[in-house]
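Asks: Kindly generate the corresponding structure for this input.
(chains A, B and C)
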Amino acid sequence: MSDVAKPEIQEADQKTQKMIVIDGHSMAFRAFYALPVESFLTASGQYTNAVHGFISMLLTMIREHHPTYVGVAFDLDTPTFRSQEYDEYKAGRNKTPEEFKGQIDLIRKVLEAMNIPTISMDGYEADDIIATLATIGEAADLKVLVVSGDRDAFQLITEKTTVLYPTKGVSQIPPMDAAAIEKKYFVQPHQYSDLAALVGETADNLPGVPGVGPKTAAKWINLYGGLEGILENVDEIKGKVGDSLREHLDNVKRNRRLNHLLRDLDLPVSLEALELEAPNREAIEEIFDTLEFNSLRKRIWDVFTEPEEEVEEEELPEPQTLTTADEISQWFHTEGSHVIGVHLVTEAPAENNPGMPDDVFALGLASEDQLAYIKLADLDPAADEALASALESASYKKAVHDYKLAYKQLQERGLTLGGVVDDTMISAYLIAPDRRSHALPDVAQHYLKMSLDLSEAESKGELDLGLETKDYSAQATRAAFVVRQLSLMLAGQVSERNAASLLDDLELPLSRVLARMERAGIAIDLPQLEVLNKDFTKVIDDAKSRAFEAIGHEVNLGSPKQLQVVLFEELELPKTKKIKTGYTTDAESLTELYAQTNHPFLGALMDYRDATKLKQTVDGLAKAIADDKRIHTTYGQTIAATGRLSSLNPNLQNIPVRSEEGRRIREIFVAGEGYETLLTADYSQIEMRIMAHLSGDEGLIEAFRSGEDLHRFVGSRVFNVSPDEVTPAMRSKVKAMSYGLAYGLSSFGLSKQLRISVDEARTLQKDYFQRFGGVRDFLRSGVEKARSEGYTETILGRRRYLPDLTSDNRQLREIAERVALNSPIQGSAADVIKLAMLHIQKEFDAQQVKSRMLLQVHDELVFEIAPGELEQIREIVTAKMGDAVEISVPLEVHIGIGKNWNAAGH
DNA sequence: GCAAAGACGTA
DNA sequence: CGTACGTCTTTGCG
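Replies: I've put the predicted structure just below:
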């Protein structure tokens, strides 16, 4: 078999021809709001953003789907049968923006030049035309793609018809098929209009039944089979919503009449007229000239000159389903001499249990020339055993996407995923850490040009759409195939970038460590959490009433927009820094305003802000508590471009620590049952130490070797006094300066932060570099090296590519320069603590301790200590963190011990 | 329903 | 005119 797969997942049957029908007005509107109108103004004063977006979307559709037929339907301004029946229909919509006017006509002109028919009919809406076209298309046995931003189109969805419904902008339009509708609305597509009739449609000014949302409507529809059944049994429905339904039956019936699309219009065009042909070159050139479209000019000819299908099409092999122990062992035995791609199909458990992995339902496997599918529920104990041993075995080499997740998920089933030689998510991340997403569909699209729609396979099995009834072998094995292909392809780039060791020796083993930390979670003191919630609520209420008294009327203190009115119009306070929407109301400005004016409203507002922030944090934590009374965060191993971890759901890396009240939140993180205490271990000034090492600056190295307080030492050198003569003011100045170094802080920024003049800040910088010039030289030369090589590098060789370093745009270039300054430092610190974590876990396993590592907060680790192990753990942690790497200054580690995270902190 | 913007917590 | 993150709320579009 070839190693090039078909690029289109939907096109199982190549012979099926496609038809695309587009709701012109709705897509033009989407395009209008998706693109900034001010960047699309021609010399003659015509706005063209909607035209540009629309045509761009259309070209993408044509390129991706190769339709045989294309048609665009437009509404007319004349009344329709709907507006005649209900004169409020679509009333209350804001009037069309001035800039949008005329763009519809331009779109029609471009379409004409492209030889794509536009269709309108007096008295009917574009939706009815589309419904009719879809009907014609289905009758002709075509696959129909309906492109519309109107949800009424969902009723058209069938086996043959898919609706492309834009959610964000017009660049990415997810296909809505029956499964997607069921997942989102819990009804069949043909029942969607019933649902919409009950719920109402604000966009069309069609009120439904008050109190009835999509959930209730879906419940009724599933109970009675549809609107008809509901109407027959309307007296059965109990409760307030039942009364509401009976009261608003007229609304519902009217909505259903109006949202029903006509499928039998007598259209002025035939199917043949919709056949896609090449654009009229002259007409295109002319209209693109007037519209000043230049990038689209190239794209349109690219799309239309593209050969039908240049790649040799070869089907993936038919997946075999493995059920018995023999089949499984045999498959791995014969196929396992090369890397096997593994993909898990999972299902969310019925009850919400935050942070806990989904249930594994099935596995897709891909070897060099075979695909296999294993449904866990179908295995007998012997087959279970065979699978467990094959999965764990290091002699069968595996590639997965998101090893940490797969490891956790399988571990819940008692299976250990071993022999993993590649995680394509991490490989993609090491190659291009700045990319937004390293999710499998995105990586597959980017590197293999393969589209992969995991939405169905990954659907969360809501309601009773159980996975049992569906066959996921095609999706799962295709994903496994993609993972395997990606692994082969990325391996080359990983080694080109010298990242092989980073992958094999750091990130992959770290995935297992992180999986265990996530699974462990951290215990929560529930009663104390309640107390905090109450306390913070009280502070909020108090601040609210003081705010009210100060200005004499209600205002939403959470709305910066409303605050601007109060502060700068009503109270006429001095204007703060300008932002997009007016003047900022951020904490810094409020503090300054308060110092100037002493206005009681400001005091109340600041208290409100502080307390709401804390309460939000507390509430967020409460929501994240799992059944085991612990919080299980998820670490992002491929998010931060510098190499740091991130923490989400919830973020445990930004739990307050600076304020007294904030630290009370840390008190709710405690040692769990069976454990004695928490232990925290943090690196002191790790970034400064790394700077000292990387720069080789003798002064700074001496500072760390002397054991003297860093800022006192630096202060004494900068201000030419003895260490004990360094005043607190001097110390805080050099401290700010030192920290600012790694961020590329300017003298302007330094002056602002220290509330000193720019001149004084400059002098400070000069004196600082007089003594610690090696640091400055290192930072400067680092940026220059990055400019010429194209990337920065950490001590473990982790690269970050920064193309903007040579940008002509000064703004972009200067940002890239600061990034280049910071990345090696922040990234090296991340490398160091990751190494330490590996070494600690290894030692824990070797010594078989019961204590465990729970959290990482960039330069800090939190451990849960089993009875009697405190000293043993303290020694391991101190030693392993202290000599994680050999650098020219000592790595100092602070240990803290306490019943809770605050008490264990320092 | 969704995305942007503003605000703010951590290292 | 300070790097790196995640989360919450309001707002304004649909």
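
Asks: list the contacts for A:Val234?
Replies: A:Gly242, A:Leu245, A:Arg246, A:Leu249 (Cβ atoms under 8 Å, 6 or more residues apart in numbering). The way it works is simple: take the backbone N, C-alpha and C, and place the C-beta from them, glycine included.

Asks: try it again with 7 Å
Replies: A:Leu245, A:Arg246, A:Leu249 (Cβ atoms under 7 Å, 6 or more residues apart in numbering).

Asks: do the same with A:Tyr403
Replies: A:Val420, A:Asp423, A:Leu508, A:Ser511 are the contacts of A:Tyr403 under Cβ under 7 Å, 6+ apart.

Asks: doesn't the last one fall inside a helix?
Replies: Yes - when DSSP: H, G, I helix; E, B strand; the rest coil is applied, A:Ser511 is found to be in a helix.

Asks: What separation do you get for it and A:Tyr429?
Replies: Going from A:Ser511 to A:Tyr429 by Cβ to Cβ, to the nearest Å gives 12 Å.

Asks: Stretch A:420-433 vs DNA strand C: in contact?
Replies: No - applying Cβ under 7 Å from any atom of the strand, one finds stretch A:420-433 separated from DNA strand C by no less than 7.6 Å.

Asks: Flag every buried residue along stretch A:114-128.
Replies: Within stretch A:114-128, the residues that count as buried by 16 or more other Cβ atoms under 10 Å are A:114-121, A:124-128.

Asks: now for the host helix or strand of A:Asp302, which elements pack on it?
Replies: In this assignment (DSSP states H and E), A:Asp302 forms part of helix A:295-305. Judged by 3 or more Cβ pairs under 7 Å, 6 or more residues apart in numbering; DSSP states H and E, helix A:295-305 is in contact with helix A:49-65, helix A:281-291.

Asks: Where does the prediction get shaky in chain A?
Replies: A:1-15, A:36, A:38-39, A:88-95, A:167-174, A:183, A:202-205, A:306-314, A:453-470, A:906 (pLDDT under 70).

Asks: interface residues of it facing DNA strand B?
Replies: Checking chain A against DNA strand B by Cβ under 7 Å from any atom of the strand, the hits are A:167-168, A:213-214, A:560, A:579-581, A:584-588, A:590, A:609-610, A:613, A:651, A:653-659, A:662, A:857-860.

Asks: restrict those to contacts with DNA strand C.
Replies: A:Asn651, A:Gln653, A:Asn654.

Asks: Which of the helices or strands spans the closest residue to the second one other than its chain neighbours?
Replies: Here the nearest residue to A:Gln653 in space, its sequence neighbours aside, is A:Ser647; by Cβ to Cβ, 6 or more residues apart in numbering that works out to 4.2 Å. When secondary structure is defined by DSSP H and E, A:Ser647 falls within strand A:646-648.

Asks: That strand - contacts with which helices or strands?
Replies: Packing partners of strand A:646-648 (3+ Cβ pairs under 7 Å, 6+ apart): strand A:634-636.

Asks: The strand it packs on and DNA strand C, are they touching?
Replies: Yes - using Cβ under 7 Å from any atom of the strand, strand A:634-636 reaches DNA strand C at A:Gly636.

Asks: The residue of the stretch 351-500 of chain A found nearest DNA strand B and A:Thr638, how far apart?
Replies: Residue nearest to DNA strand B within the stretch 351-500 of chain A: A:Arg436 (11.5 Å; Cβ to the nearest atom of the strand). Per Cβ to Cβ, A:Arg436 is found 11 Å from A:Thr638.

Asks: Between the two, tell me which one has more neighbours.
Replies: A:Thr638 (22 against 7; other Cβ atoms under 10 Å).

Asks: what's near enough to touch that one?
Replies: By Cβ under 7 Å, 6+ apart, the neighbours of A:Thr638 are A:Met425, A:Ile426, A:Tyr429, A:His438.

Asks: Touching the helix or strand where the first one lies from outside, list them.
Replies: When you say that, I think you mean A:Met425. A:Met425 is part of helix A:424-431 when elements are defined by DSSP H and E. Contacts to helix A:424-431, defined as Cβ under 7 Å, 6+ apart, come from residues A:399, A:401-402, A:438, A:443, A:483, A:486-487, A:490, A:493-494, A:497, A:499, A:502-503, A:507-508, A:637-638.

Asks: what's downstream of the strand holding A:Ser647, the next helix or strand?
Replies: Sequence-wise, the next helix or strand downstream of strand A:646-648 (DSSP H and E) is helix A:660-666.

Asks: helices or strands next to that next one in the packing?
Replies: helix A:600-623, helix A:901-904.

Asks: Next, the buried residues of it.
Replies: A:Gly662, A:Arg663, A:Arg664, A:Ile665, A:Arg666.

Asks: what's the closest non-adjacent residue to the most centrally placed residue in chain A?
Replies: The centroid of chain A falls nearest to A:Ser437 when counting by Cα atoms, centre = their mean (7.2 Å). Closest residue in space to A:Ser437, ignoring its immediate chain neighbours: A:Val443 at 8.0 Å, by Cβ to Cβ, 6+ apart.

Asks: ok, the one you found - how many residues close by?
Replies: 27.

Asks: And it, how far from A:Gln485?
Replies: From A:Val443 to A:Gln485 the distance is 11 Å (Cβ to Cβ).

Asks: Identify the contacts common to those two.
Replies: Counting by Cβ under 7 Å, 6+ apart, nothing touches both A:Val443 and A:Gln485.

Asks: what's the burial count for A:Arg705?
Replies: Counted with other Cβ under 10 Å, A:Arg705 comes out at 12.

Asks: And the contacts of the helix or strand containing it?
Replies: Following DSSP H and E, one finds A:Arg705 within helix A:698-706. Helix A:698-706 is touched from outside by A:689, A:691-692, A:710, A:713-714, A:717, A:771-772, A:774-775, A:888-890, with contacts defined as Cβ under 7 Å, 6+ apart.

Asks: Buried members of those into PyMOL, please.
Replies: Those of the contacts of helix A:698-706 that count as buried under 16+ other Cβ under 10 Å are selected in PyMOL with:
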select buried, chain A and resi 689+691+692+710+713+714+717+771+772+774+775+889
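
Asks: For the contacts of helix A:698-706, work out which two are farthest apart.
Replies: For the contacts of helix A:698-706, the farthest-apart pair by Cβ to Cβ is A:Arg771 and A:Pro890; their separation is 20.9 Å.

Asks: thinking again about what came up before, could you list which of the contacts of helix A:424-431 belong to helices?
Replies: A:Val443, A:Val483, A:Leu486, A:Ser487, A:Leu490, A:Gln493, A:Val494, A:Leu508 (DSSP state H).

Asks: Contacts only, for the fifth one.
Replies: For A:Leu490, the residues meeting the contact criterion (Cβ under 7 Å, 6+ apart) are A:Thr424, A:Ser427, A:Ala428, A:Ile431, A:Tyr447.
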